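# Turn this into a model:
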Amino acid sequence: MSDVVTIEWYIALCTVLFTIGALGVLLRRSAIIIFMSIEMMLNSANLLFVAFARHLGDLDGQILVFFVMTVAAAEVAVGLALIVVIFRRKRSINIDDLNLLKG
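Alright, predicted model coming up:
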């Protein structure tokens, strides 16, 4: 039996991680859990980019990961700032309790 991890294992792992993240976004009502689920989805995409870059022997996937990580860091900074402001106004971060964005 070979100890080599093939690209199919990475694809399966990334699919499971992305699915867990998507279910977290769709089923949870806490803004913090939703942001964590979005981060899990982005990290599964990053892992897949790195796995394919290694499989293909090209560095383009790894370079793309740096851009995704930069966008994810900006998303977290802005998202957490919004959550803090909403919590200060409503005393809740439950998505169902928010009608703040109605016109």
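# Remind me what the helix or strand of the chain with the lowest mean pLDDT packs against, helices and strands.
When each helix and strand of the chain is scored by mean pLDDT, DSSP states H and E, helix 60-90 comes last, with a mean of 86. When contacts are defined as 3 or more Cβ pairs under 8 Å, 6 or more residues apart in numbering; DSSP states H and E, helix 60-90 sits against helix 31-56. From N, CA and C alone the C-beta is placed, and that goes for glycine too.
# which parts of the helix it packs on are buried?
31, 34-49, 51-53 (16 or more other Cβ atoms under 10 Å).
# What is the end-to-end distance of stretch 22-34?
Taking Cα to Cα, to the nearest Å, the first and last residues of stretch 22-34 lie 9 Å apart.
# Quick one: distance of it to the chain centre.
Here stretch 22-34 is found 11 Å from its chain centre; the criterion is Cα atoms, centre = their mean, to the nearest Å.
# So which residues make contact with that stretch?
Contact with stretch 22-34 is made by M36, S37, I38, M40, M41, G79, I83, I86, I93, N94, I95, D96, as judged by Cβ atoms under 8 Å, 6 or more residues apart in numbering.
# if you set the cut-off to 6 Å instead, what comes out?
S37, I83, I93, N94, I95, D96 (Cβ atoms under 6 Å, 6 or more residues apart in numbering).
# same question, stretch 73-91
A31, F35, I93.
# would you turn those residues into a markdown table with pLDDT and distance to V65?
Putting the contacts of stretch 73-91 into a markdown table (pLDDT from 0 to 100; distance: Cβ to Cβ, whole Å) gives the following:
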| residue | pLDDT | distance to V65 |
| --- | --- | --- |
| A31 | 81 | 26 |
| F35 | 87 | 20 |
| I93 | 72 | 29 |
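# wait, which of the residues you listed is closest to A72?
Comparing the contacts of stretch 73-91 against A72 with Cβ to Cβ places F35 closest, at 10.2 Å.
# Please identify the nearest residue in space to that closest one, excluding sequence neighbours.
G79 (5.3 Å; Cβ to Cβ, 6 or more residues apart in numbering).
# Report the buried members of the contacts of stretch 22-34.
Buried by 16+ other Cβ under 10 Å: S37, I83, I93, out of the contacts of stretch 22-34.
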